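Engineer: fold the stuff below for me.
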Amino acid sequence: MPGGISRFSSELSRAFRATGHGLHPVGFRALYPGFLLRILGVPPSRPEPAAGGTLVLFDPLSWIRTALELRRRRPDVILIAYWAGFLAPLCFVIRRLSGIRTVALLHNLTSHESFFFEPLMRRLLFLSVDGVVTLSETVARQAAESLPRTPRLELQHPDYAFSCEPPPKEEARRQLKLPLDGTLLLFFGYVRRYKGLDLLIEALALLPSGSDVRLVVAGEFYEPLERYRKLISSLGLEDRVVIHPGYVPAGRTQLYFAAADACVLPYRSATQSGVAGIARGSRLPIIVTPAGSLAQSVHGPSSGVIAGGCTAPALAGAIEAFLGAASLGLEYCVDGGLSWEGFARSAADFLAEGTGGRP
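Structural biologist: You can find the predicted model right below:
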């Protein structure tokens with residue numbers, strides 16, 4: 001299960017161990033059937049889930065087997081990563097059959113693309129968990145409204161750090177075959193409608209003529225790539241937008257953040273973003289819309305710019321503000337201070353409630 005949720009879970013597991021807490025990871029062997037991935041156009045180059053996973057999201061029998069195994073192992077508490085409504089039935093089965101106190105780690109309370117059954121899934125989640133940990137103010141507020149009697153802990157998404165020093169900007173651009181001069185903006189991660197890549201492309205076209213600004217898009221497309229190529233062509237931006245489609249492995253992720261001058265999150269809707277955590281860990285300024293709790297990712301004016309709205313003109317204004325600060329010689333100093341160990345300690349204290357002090 002590659003992607004932001006998987007990386008978050010891996011980092012949190014490492015941090016729990018580093019802070020002296022034992023754990024027994026339970027992973028997914030598969031999330032979606034192969035034919036659905038082909039329909040969605042997920043590239044065959046996408047890595048396989050890590051070996052050893054026992055859960056198959058579309059196989060309820062695997063839920064039952066996992067719940068019974070957890071009941072046999074008797075952990076003090078179960079922490080379940082939750083990012084969309086379709087996970088609520090799994091949470092319900094795990095909690096009811098294991099009989100063990102269960103806490104949901106809410107990346108999102110509802111799906112980014114809402115479905116008619118979301119209210120039912122929220123009700124099922126309420127019946128499935130003994131507490132929730134949230135990663136943003138937006139989700140904390142939603143949880144307070146939907147699960148008013150469920151104990152809650154509000155935390156913020158920690159920052160990702162790379163294990164080695166990044167290459168110099170020019171070298172990173174050379175390795176990625178990107179232009180060596182000018183300002184380079186980065187859009188990174190899955191391309192889905194709510195993430196607003198089309199708004200960013202339109203914003204690029206609104207910048208004053210002569211602006212030496214380019215955009216590199218690196219990530220998997222869950223929408224037709226040709227639609228974006230046509231938009232780029234219609235705006236005359238073929239020489240200013242570079243698209244590198246496909247899953248980006250960890251080894252190359254660092255290159256993109258080292259090559260860029262800023263990372264842009266032009267989301268139409270959001271709760272929080274792991275991409276912002278990568279940017280902060282890379283000490284890279286970010287330009288964000290005010291969707292959800294994205295503004296919390298900007299820790300002061302020296303770490304980035306918040307657009308005035310979720311529109312192309314507002315994004316263009318934010319990019320101009322970023323460029324203007326650079327032209328005045330102002331340097332962005334990004335603070336990557338949200339640590340995984342601090343997150344793990346706070347979460348462990350919350351998980352220990354009702355377990356005799358044993359997280």
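
Engineer: make it CA atoms for all contacts and neighbour counts henceforth
Structural biologist: Fine.

Engineer: all helices of the stretch 201-350 of the chain, in order?
Structural biologist: Here the stretch 201-350 of the chain has its helices, by DSSP state H, counting those that start in this stretch, at 225-234, 250-259, 274-281, 312-327, 340-352.

Engineer: which of the ones you listed sits most buried?
Structural biologist: helix 274-281 (a mean of 23; mean count of other C-alpha atoms under 10 Å).

Engineer: low-scoring stretches of the stretch 101-250 of the chain, by residue?
Structural biologist: 112-116 (pLDDT under 70).

Engineer: follow-up on the earlier one: of the helices of the stretch 201-350 of the chain, which approaches Asp212 most closely?
Structural biologist: For the helices of the stretch 201-350 of the chain, the distance to Asp212 is smallest for helix 312-327, at 10.0 Å, taking C-alpha to C-alpha.

Engineer: what is the rounded mean pLDDT of the closest one?
Structural biologist: Across helix 312-327, pLDDT averages out at 90.

Engineer: using PDB, write down the CA coordinates of it.
Structural biologist: Extracted C-alpha coordinates of helix 312-327, given in PDB (Å, rounded to 0.1, in the frame of the first residue of the first chain):
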ATOM      1  CA  ALA A 312      -6.800  30.300 -10.100                       C
ATOM      2  CA  PRO A 313      -6.500  34.200  -9.700                       C
ATOM      3  CA  ALA A 314      -6.000  33.700  -5.900                       C
ATOM      4  CA  LEU A 315      -3.200  31.200  -6.600                       C
ATOM      5  CA  ALA A 316      -1.600  33.500  -9.200                       C
ATOM      6  CA  GLY A 317      -1.600  36.300  -6.500                       C
ATOM      7  CA  ALA A 318       0.000  33.900  -4.000                       C
ATOM      8  CA  ILE A 319       2.700  32.900  -6.500                       C
ATOM      9  CA  GLU A 320       3.400  36.600  -7.300                       C
ATOM     10  CA  ALA A 321       3.700  37.300  -3.600                       C
ATOM     11  CA  PHE A 322       6.200  34.500  -3.300                       C
ATOM     12  CA  LEU A 323       8.200  35.800  -6.300                       C
ATOM     13  CA  GLY A 324       8.000  39.400  -4.900                       C
ATOM     14  CA  ALA A 325       9.500  38.400  -1.600                       C
ATOM     15  CA  ALA A 326      12.400  36.600  -3.400                       C
ATOM     16  CA  SER A 327      13.000  39.600  -5.600                       C
END
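
Engineer: by contact count, what packs against that helix?
Structural biologist: helix 197-206, strand 286-288, strand 304-306 (3 or more C-alpha pairs under 8 Å, 6 or more residues apart in numbering; DSSP states H and E).

Engineer: before we move on, the earlier item: TSV for the helices of the stretch 201-350 of the chain, including distance to Gly27?
Structural biologist: Output for those, formatted as TSV (distance: least, C-alpha to C-alpha, whole Å):
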stretch	distance to Gly27
helix 225-234	31
helix 250-259	19
helix 274-281	20
helix 312-327	38
helix 340-352	19
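
Engineer: burial of Ala262, as a residue count?
Structural biologist: 26 (other C-alpha atoms under 10 Å).

Engineer: excluding its backbone neighbours, what's nearest the residue nearest to the spatial centre of the chain?
Structural biologist: Centroid check for the chain by C-alpha atoms, centre = their mean gives Gly274 as the closest residue, at 3.2 Å. Leaving aside its chain neighbours, Gly274 sits nearest to Gly4 (6.1 Å; criterion: C-alpha to C-alpha, 6 or more residues apart in numbering).

Engineer: what about that neighbour, neighbour count?
Structural biologist: Other residues near Gly4 number 14, with proximity taken as other C-alpha under 10 Å.

Engineer: can I assume it is in contact with Gln272?
Structural biologist: No: using C-alpha atoms under 8 Å, Gly4 makes no contact with Gln272, being 11.4 Å away.

Engineer: what about the helix or strand hosting Ala88, distance to the chain center?
Structural biologist: Assessed by DSSP states H and E, Ala88 sits inside helix 88-98. For helix 88-98, the separation from the chain centroid amounts to 25 Å (computed by C-alpha atoms, centre = their mean, to the nearest Å).

Engineer: what's it packed up against?
Structural biologist: helix 60-73, helix 118-126.

Engineer: quick one: end-to-end length of stretch 180-189, please.
Structural biologist: Separation of the first and last residues of stretch 180-189 by C-alpha to C-alpha, to the nearest Å is 22 Å.

Engineer: how far is it from where the chain is centred?
Structural biologist: So, by C-alpha atoms, centre = their mean, the centroid of stretch 180-189 is 19 Å from its chain's centroid.

Engineer: quick one on the thing from earlier: for Leu97, find the nearest of the helices of the stretch 201-350 of the chain.
Structural biologist: Nearest to Leu97, of these and by C-alpha to C-alpha, is helix 340-352 at 19.7 Å.

Engineer: report the distance from that closest one to the chain centre.
Structural biologist: Worked out by C-alpha atoms, centre = their mean, helix 340-352 lies 20 Å from the chain centre.

Engineer: over to stretch 82-96?
Structural biologist: That offset, for stretch 82-96, works out to 20 Å (C-alpha atoms, centre = their mean).

Engineer: need the residues that contact it.
Structural biologist: 57, 60, 63-64, 66-67, 80, 101-102, 104-112, 118, 121-122, 124-125, 127-129 (C-alpha atoms under 8 Å, 6 or more residues apart in numbering).

Engineer: mark which of those residues are buried, thanks.
Structural biologist: Neighbour counting over the contacts of stretch 82-96 (16 or more other C-alpha atoms under 10 Å) leaves 57, 63-64, 66-67, 80, 101-102, 104-110, 112, 118, 121-122, 124-125, 127-129 as the buried ones.
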